[in-house]
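Visitor: Here is a sequence together with a model predicted from it:
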Amino acid sequence: MDARMFGLETPLMAALQHLLDVPDGDAGAGSDKAGAAGSGPTRTYVRDARAMAATPANVKELPGAYSFVVDMPGLGTGDIKVQVEDERVLVISGERRREEREDAKYLRMERRMGKFMRKFVLPDNADMDKISAVCKDGVLTVTVEKLPPPEPKKPKTIEVKVA
């Protein structure tokens, strides 16, 4: 479906339409076309972009920590991964799978299924050794403690000798 049908000819809509129209093959990587490596996003990039766009999060700075809150309704702890990449990138990812039953068929399917992911670059004062994650009532809260502020340097006093 073309966005122009609805009068949505904005640059943002054009970019979104371009991302959604990626063919099933490897767009960009390993294609037979000459110069195709720079022609468009890869399927992995598009998949990750969709997963990140569909995973809203709230980020709060508290006096002693940073808090990342993500809604994860219906997911268990085995479906959610919290990792730190490249020493400073917090990654929250996982997958929501469809419930399959032999005796039932879907009449309407509105809940989002599939992979989700969010990446956050942590600030320099984040303590990478003190990260905790708790999922309660379908809400994941990842808390990253802050490093204590460095103590101010005391001026060095030099004794003056009388000659």
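Guide: Perfect, thanks for sending it. Model, not experiment: these values are computed from the prediction. Numbers count the residues shown, from 1 in each chain.
Visitor: Gly76: neighbour count?
Guide: Neighbourhood size, Gly76 [other Cβ atoms under 10 Å]: 9. Just so you know, the C-beta spots here come from the backbone N, C-alpha and C atoms, and that holds for glycine as well.
Visitor: Can you pull the phi and psi angles for it?
Guide: phi -100, psi 180 (degrees, to the nearest 10).
Visitor: just Pro56 next, same as before
Guide: phi -70, psi 150.
Visitor: how much space between it and Leu140?
Guide: For Pro56, the distance to Leu140 equals 12 Å [Cβ to Cβ, to the nearest Å].
Visitor: Which one's more surrounded, those two?
Guide: Leu140 (20 against 11).
Visitor: tell me the contacts of the more buried one?
Guide: If you count contacts by Cβ atoms under 8 Å, 6 or more residues apart in numbering, Leu140 has them with 69-72, 80, 82, 92, 133-134.
Visitor: Of the residues you listed, just say which sits nearest to Glu99.
Guide: Met72 (15.8 Å; Cβ to Cβ).
Visitor: helix, strand or coil for Leu75?
Guide: Following DSSP: H, G, I helix; E, B strand; the rest coil, the label given to Leu75 is coil.
Visitor: sorry, back to before: shared neighbours, Pro56 and Leu140?
Guide: 70-71.
Visitor: on that earlier part again, could you provide the contacts of Leu140 in JSON lines, with additional columns for distance to Thr42 and secondary structure?
Guide: Formatted as JSON lines, these follow (distance: Cβ to Cβ, whole Å; DSSP: H, G, I helix; E, B strand; the rest coil):
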{"residue": "Val69", "distance to Thr42": "31", "secondary structure": "strand"}
{"residue": "Val70", "distance to Thr42": "26", "secondary structure": "strand"}
{"residue": "Asp71", "distance to Thr42": "28", "secondary structure": "strand"}
{"residue": "Met72", "distance to Thr42": "27", "secondary structure": "coil"}
{"residue": "Ile80", "distance to Thr42": "25", "secondary structure": "strand"}
{"residue": "Val82", "distance to Thr42": "25", "secondary structure": "strand"}
{"residue": "Ile92", "distance to Thr42": "22", "secondary structure": "strand"}
{"residue": "Ala133", "distance to Thr42": "30", "secondary structure": "strand"}
{"residue": "Val134", "distance to Thr42": "35", "secondary structure": "strand"}
